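**Student:** dropping a prediction and its sequence here:
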Amino acid sequence: MTAINPKSFEFAMKQITDGNVFECFIQDLLCQIEGVDFHPTGGLKDKGKDGFNNKGLFHSDQKKKEMYQISIDKGYAHKIERTIKTLIENKIDFNCLTYVTNQRIKNPDEIMKSIHATYNKIIIIRDLVWLRGHINKSEATIRLYGTFIDSYLHNFVTETTIPQYNDFVSDPRIFVFLRQQWESHGHEETLDQLITDSLILFSLEGTDPDQNKFMSRDKIMEQITTLINYSPKLIESNMDKRLKALSTKPRKIRHHTTENTYCLPFETRMELQEKSLEDKRIYEQFKKKALERLVKFAKVNLIQIKSVNQEAMLERVFCELFKKQGLQFSNFVLKEAVGSNTVDSSLGDIISVVVEEQIPTSGNKEKVKIALLAAIRDIIYSGSNEELSYLNKLSHTYMMLFLLRCDPQVSAFFGAMASKLRVYVGTSILIPAMAELNLDEKHRRHWNLLAGASQAGVKLIVNPCIVKETVGHIRKALADYKDIYQGKECLYSDEIGCQYVNEILTRSYFYNRLADQSRSFEDYIYNFVTPKNTTPKMEDEFIIWLQDTFNIEYVTDESLGVIPDEGKMQTLKETLISLNKAPRQAEFDAKTILSIYQQREKFNEKGKQGVFGYNTWWLSKDTSTRRAVKQCFDQKYVSCYMRTDFLSNYIAFVPRKHNAEKVFDAVFPTLVGVNLSHHIPDSVCNIMHSSINQHTEKSPARIRAIMSDLSNKIKTEPTSLGRNKFAERFTKEQFKK
């Protein structure tokens, strides 16, 4: 087994910013390195003392009275001392503390001597240098590290080039999100449409016909884009339909048709103004009382915190709490759910990072962290009505962003999935994309899908079959134009006439000809290939055009070492012909499909799919091939057919992680975050609460398997398993008030 490069290992360990991820890895690693001397029997309760310092604290062998502290805290000297103090205060009998960290500790001997002199306790330090020296100790440690990297370390093409660590299994957000998406998929009223309504209503706040304050459709979209901080193409696709629905009885907005602008009716404006005043009162009271609590606990710890830092730290902690534990925290606030330990366990790391950012030069940082932790806990568990109401409203807003796929962890999941996808792009996608060449960018549905998927990190592929089929389509369009349309262009000189042109490229040409009649059909085709070239030369040109336009890679089966089974290919080809496929097209499709299945086997995707499901797929609108595979091979294969709406809804047109984080920075905890909560019903929270409970009840192995299955289903399945009543409840609450 190949040894791990120590420098690469050290670099990887330094990138870990999630204490839970590091803790899980170190527990497993110490079991291999120290063997029977290490027994990770579970974290200790804080016994009401100082939970900030007990995260990552484990028993070793209780007979030997040894303890282990696992931490990523940069203030390691203070961390070790506070851990010792907490153990003593909690009357935990121990002789030795082993401190394990991903930091390089410069003066370990001095720290060990100082602690022993003060507390008469033995300190053993296992820092980054020690871990680096032991990672190649055995095949087991090497294998463990490989599994850890595969599970947690992900590359994001559109993010920083530095890999990022994400725990998608123990964090319930992805499990809950995938379940919700699968159970609600296929509804006539989708959650995207319903949330679009909420954002429209929010954007129109402040409109008033008496003051000539109206908003156009584009201005509403601009407002939403500014709020969400990314280009919400899913919302834009629903915008016109939802504006029409909202301005139809019972009206929630008014449409002034003369100017084609919108505003809120008087009754809605009055209602929202009252709510806004109440929101502002709650927001101001929250800030006042939270600051009072922080000052109180600072005095207890005999420190002073500058007023300029007090509010900034409180706001930053709550913002980071929603970023990192938003679903669990919101569930705890809204449902008073059991499981606050999960939120508690993150507070220490969050507060540590915030304090280091806000007051990097202070000598009282450790005391500030303790005071801040005490204040945040006091707000969460013993807050006033205004404080709890404020957190309740923010939690409703979080649920909306979560369903908009605007949670950093959700964005990270699909970003990581995108980097693993290998998608063969079928002719049924390529030809419509080519036909959109001269459309305005916002109307290029297929073109933008391919461009967005490529930018997100998806590896788009064509093989010889797809290239031959597409070039064959182009050559047929050229021949048909000469036989059917040449010399008769006047019959197709308006939009009605264009509708009678069947072939999509030819129809696209005639629509473009309405504006420019000087261009011939060959001129139009010349945008892609040279019309008078031979077929092989046209194929070469087309491969280059695909590469330069969409970053689509040309790959042959031979280059991959894949040889589809001739018997299976013949059987599938005959089945496709029986479903009215032309023999040549049936051969191409059969070869592509079986090549994809062979690649899944060759690269062991079944054994390595993890939470993301299979990697290799076929993007096509042609569902007859899917039926043919099922007819030929029944349940032998998981479908390789990827729905175009999966790629658009989850990969190409969703916020990247850094965009989602910017949204959270703007919304939590602010007055805007409170205002948004008006339009989110409690039924959202009920759905989330149920799924969180299911996540809690299952083992990590089972969670991983369920997530893999759901990942495959939302990529390929055209229908849902069951009917979720969320849309119906939402509609009743929003439009029948």
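**Tutor:** It's in.
**Student:** K289: what's it in contact with?
**Tutor:** Shown in contact with K289 (CB atoms under 8 Å, 6 or more residues apart in numbering): 379, 383-384, 386-387. Any C-beta I mention is one placed from the backbone N, CA and C, and that applies to glycine too.
**Student:** closest one of these to R422?
**Tutor:** I379 (47.7 Å; CB to CB).
**Student:** take the contacts of K289 and keep only those in helices.
**Tutor:** The helices, defined by DSSP state H, take in 379, 386-387 from these.
**Student:** what would those look like in TSV with neighbour count?
**Tutor:** Below are the ones in helices among the contacts of K289 laid out as TSV (neighbours: other CB atoms under 10 Å):
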residue	neighbour count
I379	22
E386	18
E387	21
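**Student:** out of these, who's nearest V425?
**Tutor:** I379 (51.5 Å).
**Student:** just give the nearest non-adjacent residue to F38, would you?
**Tutor:** Spatially, and ignoring its direct neighbours in sequence, F38 is nearest to L30 (4.5 Å; CB to CB, 6 or more residues apart in numbering).
**Student:** and the one you found, how far from K65?
**Tutor:** To K65, L30 is 17 Å away according to CB to CB, to the nearest Å.
**Student:** more neighbours: which of those two?
**Tutor:** Using other CB atoms under 10 Å, the more surrounded residue of L30 and K65 is L30, with 23 against 13.
**Student:** hmm, back to that, need the max-distance pair from the contacts of K289.
**Tutor:** Spatially, the most separated pair among the contacts of K289 is I379 and E386, at 10.7 Å (CB to CB).
**Student:** that older thread, which strand or helix spans the residue nearest to F38?
**Tutor:** helix 19-33 (DSSP states H and E).
**Student:** how about residues contacting that helix?
**Tutor:** Here helix 19-33 makes contact (CB under 8 Å, 6+ apart) with 13, 16, 38, 40, 55-56, 58, 68, 70-72, 100, 102, 131, 134-135, 137-138, 140-141, 144-145, 148, 152, 165-167, 170, 345-346, 348-349.
**Student:** these in strands, which ones?
**Tutor:** Within those, residues falling in strands by DSSP state E are 58, 68, 70-71, 100, 165.
**Student:** still on that earlier bit, average pLDDT across the helix holding L30?
**Tutor:** Mean pLDDT, helix 19-33: 87.
**Student:** any idea how far V176 lies from R643?
**Tutor:** Taken as CB to CB, the span from V176 to R643 is 22 Å.
**Student:** neighbour count: those two, which is higher?
**Tutor:** Neighbour count, other CB under 10 Å: between V176 and R643, V176 has more, with 24 against 19.
**Student:** thought the more buried one was touching G326?
**Tutor:** No. V176 is beyond contact range of G326, at 11.0 Å (criterion: CB atoms under 8 Å).
**Student:** of the contacts of helix 19-33, keep whichever come out buried.
**Tutor:** Taking 16 or more other CB atoms under 10 Å as the criterion, what is buried in these is 13, 16, 38, 40, 55-56, 58, 68, 70-72, 100, 102, 131, 134-135, 141, 144-145, 148, 152, 165-166, 345-346, 348-349.
**Student:** so what pLDDT did I431 get?
**Tutor:** 97.
**Student:** hang on, I meant H679
**Tutor:** Reading off the confidence values, H679 has pLDDT 61.
**Student:** repeat that for D516.
**Tutor:** Reported pLDDT for D516: 83.
**Student:** next: H185.
**Tutor:** Listed pLDDT for H185 reads 47.
**Student:** where along this structure do the strands fall?
**Tutor:** 57-59, 66-71, 96-101, 122-126, 153-154, 164-165, 215-216, 254-256, 261-263, 422-425, 459-462, 553-554, 616-619, 641-642.
**Student:** neighbouring strands of the second one in the sheet, and parallel or not?
**Tutor:** The one in question is strand 66-71. Next to strand 66-71 in the sheet, as set by DSSP bridges, lie strand 57-59 (antiparallel), strand 96-101 (parallel).
**Student:** also the fourth one?
**Tutor:** Take DSSP bridges as the rule and strand 122-126 pairs in its sheet with strand 96-101 (parallel).
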